[in-house]
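Engineer: My questions are about this predicted structure, shown below with the sequence.
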Amino acid sequence: MPALNFQLRWAADVESGRKYTTIRKPGRAKPGDILYLFTGQRTKNCRRLGEGFCLAVTPFYINSSGDCWLGDGILFQEDIQTLARLDTAGQMNAAEFIHIHTTRLIRKDQPMTTETKTTLETWAIVELFGHTTVAGYITEQSIGGGAFIRVDVPDIDGQPGFTKFYGDKAIYAITPTTEEVARIAVERLRVRPVTHFVVPAPSANRQLVDSYAESEPDKDDDESWKRAIDDDDF
């Protein structure tokens, strides 16, 4: 007969019957089993909380983004809130419930007992929403309970590299590639400096030319000379 151990903080709720659901590794119990309930198991403070009867077993899944499935159906926020209250005897809300479980599951297609984590580490070209593309060495990291992609852009031709973190909602596509291809992409994607032009200094006689232009207007600019010629003809 399966024995289930509970953390001390749940002991009173299990003993009183307020907590009557639990999330466990698959195969621990099946409908119809009598369950022996303990707290502090394998310690000097081990205490038996009573017995339970397994009514049903339903697969539960959760991914690193906090999306939850119960059986074949996805849970919406209000469903997660209800499950959280049942599983914690009203001590946690949906956000707290998701937080304590996201570290135990990273893929929705794996049962909650699977704690194997696949780490993404490769050279790649990363396309971002907003028509922006970066390239470099990428790794998957968790910050504050959220999943981020770290992009280390290498130094290219004296231009210093940099590191940036992007959330999953900012990324459109990731194309794994070789280091050589990634460095070529960095070279082509880097910000080019503004082209610098050298303007020659003005000539020494520029002032004289300007003065002449101001004192002697060109005939094309003033038609008074034409009127004078016409007067001479008469």
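Structural biologist: Everything's here; your move.
Engineer: Show me how the protein divides into domains.
Structural biologist: 3-102, 121-189 (automatic domain parsing).
Engineer: got a markdown table for those, with mean pLDDT, distance to residue 200 and mean neighbour count too?
Structural biologist: Yep, even glycine has a C-beta here, placed from its N, CA and C like the rest. Formatted as a markdown table, the domains of the chain follow (pLDDT from 0 to 100; distance: least, CB to CB, whole Å; neighbours: other CB atoms under 10 Å):
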| stretch | mean pLDDT | distance to residue 200 | mean neighbour count |
| --- | --- | --- | --- |
| domain 3-102 | 86 | 61 | 14 |
| domain 121-189 | 88 | 29 | 15 |
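Engineer: any chance of those domains in JSON lines, plus distance to residue 199?
Structural biologist: Shown next, in JSON lines, are these (distance: least, CB to CB, whole Å):
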{"stretch": "domain 3-102", "distance to residue 199": "56"}
{"stretch": "domain 121-189", "distance to residue 199": "26"}
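Engineer: which residue is nearest the middle of this structure?
Structural biologist: Central residue of the chain (CA atoms, centre = their mean): residue 167, 1.1 Å from the mean position.
Engineer: my guess is that one contacts residue 146, does it?
Structural biologist: Yes - at 6.7 Å, residue 167 counts as touching residue 146 under the criterion of CB atoms under 8 Å.
Engineer: Tell me the first helix or strand C-terminal of the lengthiest strand in the chain.
Structural biologist: Ranked by residue count under DSSP state E, the longest strand found in the chain is strand 132-143. Using DSSP states H and E, the helix or strand that follows strand 132-143 in sequence is strand 146-153.
Engineer: what angle do the helix or strand following that following strand and strand 132-143 make?
Structural biologist: The C-terminal neighbour of strand 146-153 among helices and strands, as given by DSSP H and E, is strand 162-167. Using axes from the mean of the first three to the mean of the last three CA atoms, to 10 degrees, the inter-axis angle of strand 162-167 relative to strand 132-143 is 70 degrees.
Engineer: Please enumerate residues in contact with the helix or strand that strand 162-167 is followed by?
Structural biologist: As assigned by DSSP H and E, the chain's next helix or strand after strand 162-167 is strand 171-177. Defining contact as CB atoms under 8 Å, 6 or more residues apart in numbering, one finds that strand 171-177 is touched by 122, 123, 124, 125, 126, 127, 128, 129, 138, 149, 185.
Engineer: Check what contacts the helix or strand following strand 171-177 and list those residues.
Structural biologist: Next along the chain after strand 171-177, taking DSSP H and E as the criterion, comes helix 179-189. Residues external to helix 179-189 that are found in contact with it (CB under 8 Å, 6+ apart): 123-125, 133-137, 153-154, 156-157, 177.
Engineer: Helices along this structure, start to end?
Structural biologist: Ranges of helices within the chain are 8-16, 77-87, 94-102, 179-189, 206-215, 224-233, based on DSSP state H.
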